[in-house]
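>>> missing the sequence, but the structure's below:
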């Protein structure tokens, strides 16, 4: 599998911009709650509008970052086993881990295995390998705690 990185980035930017525009429009036309005397700033579509606008901004930045770039003579080679792993492991997370375990534990396990798969480099000596595993574990725990806290306290959503 070969990738023409600048062209792929432009196509991805266009797709993300369209998705962000759809999210923003969908949030804008979502039913309001003024009929129940709820403050207008608490509209249900506010988060999708903000996320859609942020996605459109990121898409523009991605498109602008490819200006003047041409395809390299030797494009990086893709790896089908990494692609398959990402898809299968994401399905395992969504279908098996979430709901079976507390969300923070499921997210930590998912992040640990995912980050380990893509960053693990067998080093020389058990001490170096232990440091890598500890770093990946601390990263996974921090990510899981951050996500759980954001949803629980920021979005006021109870996680499974």
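Yes, it's here. Every value quoted in this text rests on a predicted model; they were computed, and no experiment measured them.
>>> for residue 34, give its distance to residue 43.
Remark: distance between residue 34 and residue 43 (Cβ to Cβ, to the nearest Å) = 9 Å. The C-beta positions use only the backbone N, C-alpha and C, and glycine is treated the same way.
>>> those two: who's more crowded?
Taking other Cβ atoms under 10 Å, residue 34 and residue 43 do not tie; residue 43 has more neighbours (18 against 10).
>>> the more buried one against residue 33, yeah?
Yes - contact criterion Cβ atoms under 8 Å: residue 43 and residue 33 qualify, at 6.6 Å.
>>> could you list the domains of this protein?
Annotated domains of the chain cover 5-65, 80-154 [automatic domain parsing].
>>> which one of these lies nearest to residue 160?
Among those, the nearest to residue 160 by Cβ to Cβ is domain 80-154 (5.0 Å).
>>> on that earlier part again, as a markdown table, the domains of the chain with mean pLDDT and distance to residue 160 would be great.
Shown next, in a markdown table, are the domains of the chain (pLDDT from 0 to 100; distance: least, Cβ to Cβ, whole Å):
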| stretch | mean pLDDT | distance to residue 160 |
| --- | --- | --- |
| domain 5-65 | 86 | 20 |
| domain 80-154 | 89 | 5 |
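>>> so which elements touch the helix or strand hosting residue 128?
Using DSSP states H and E, residue 128 sits within helix 126-149. Packing contacts for helix 126-149, counted by 3 or more Cβ pairs under 8 Å, 6 or more residues apart in numbering; DSSP states H and E, involve helix 103-119.
>>> tell me which residues in the helix it packs on are buried?
Residues 103-104, 106-115 are the ones in helix 103-119 that count as buried (16 or more other Cβ atoms under 10 Å).
>>> in a markdown table: these, plus distance to residue 20.
Shown next, in a markdown table, are these (distance: Cβ to Cβ, whole Å):
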| residue | distance to residue 20 |
| --- | --- |
| 103 | 26 |
| 104 | 29 |
| 106 | 28 |
| 107 | 25 |
| 108 | 29 |
| 109 | 30 |
| 110 | 25 |
| 111 | 25 |
| 112 | 30 |
| 113 | 30 |
| 114 | 25 |
| 115 | 27 |
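>>> and those, which is closest to residue 11?
Distance to residue 11, by Cβ to Cβ, is smallest for residue 114 among the buried residues of helix 103-119, at 24.8 Å.
>>> tell me the phi and psi of residue 44?
Torsion angles at residue 44 (phi, psi; degrees, to the nearest 10) stand at phi -60, psi -30.
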